[in-house]
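Engineer: coords below, sequence missing:
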């Protein structure tokens, strides 16, 4: 992944950190449309900071456009959903890949969100289905710039295939992958490799997550600002 993408992601992560912790420092600027009461002053301060971060985020340069490795294709609408990002067919199989950051799932021990190591750790849900019905094979994987590891392998009903149900699984989810015979572990890695699921996916998925996170941040800043600036409280009349 190019240094330009990593620099952009560090800037994005530094901007998003302020959403989780709002300190009590004196903020500059006031919004004249608010009343002189303390409530109006607080709203004005929040809006000033929202505007500041919105304009700062809007100046960020997107990473260079990267296409996924062939024959994977981007699923339409994936930037605005929490579902799969990539899909492809392999013989009679349909393969879909969902991606997120390990840090977003609480899977890392380091609490510093700006740490480059956290930026370079992705989490994949790989689903391999055959036909229109029946269970699907699900792999939970860690993805890095130069490696990919498997966490677990399970046969899962299709209605349970999502990030939400992954944390509340139904039925037996298979053994800890580390407890499997080494030869079987190797065979599963080759199984995924034959389907193009390896570290070569990292550059595209890293750039794709950057674009998605930036889009969601801009939308969040705008919608929260719009809500706060609306002085009409529903049901107050």
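Structural biologist: Sure thing, it's come through. Since we're looking at a predicted model, the values are computed, not measured.
Engineer: how is the protein divided into domains?
Structural biologist: Using automatic domain parsing, the domain parsing of the chain gives 3-63+214-229, 73-202.
Engineer: out of those domains, which gets the lowest mean score?
Structural biologist: Between the domains of the chain, the lowest average pLDDT goes to domain 3-63+214-229, which shows a mean of 63.
Engineer: pull up the pairing partners for the helix or strand residue 95 falls within, direction included.
Structural biologist: Assigned by DSSP states H and E, residue 95 belongs to strand 93-101. Sheet pairing for strand 93-101, assigned by DSSP bridges, gives strand 86-90 (antiparallel), strand 122-130 (antiparallel).
Engineer: deepest-packed of those, please.
Structural biologist: Looking across these with neighbours counted as mean count of other C-beta atoms under 10 Å, the highest average goes to strand 122-130: a mean of 20. For every residue, glycine as well, the C-beta is placed using N, CA and C.
Engineer: dump the strands paired with strand 93-101 into a markdown table; add distance to residue 70 as well.
Structural biologist: Putting the strands paired with strand 93-101 into a markdown table (distance: least, C-beta to C-beta, whole Å) gives the following:
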| stretch | distance to residue 70 |
| --- | --- |
| strand 86-90 | 9 |
| strand 122-130 | 17 |
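Engineer: for residue 153, find the nearest of the ones you listed.
Structural biologist: Judged by C-beta to C-beta, the one of these that comes nearest to residue 153 is strand 122-130, at 9.6 Å.
Engineer: buried residues in whatever helix or strand comes next after the closest one?
Structural biologist: Downstream of strand 122-130, the first helix or strand assigned by DSSP H and E is strand 136-144. Going by neighbour count (16 or more other C-beta atoms under 10 Å), the buried part of strand 136-144 is 136, 137, 138, 139, 140, 141, 143.
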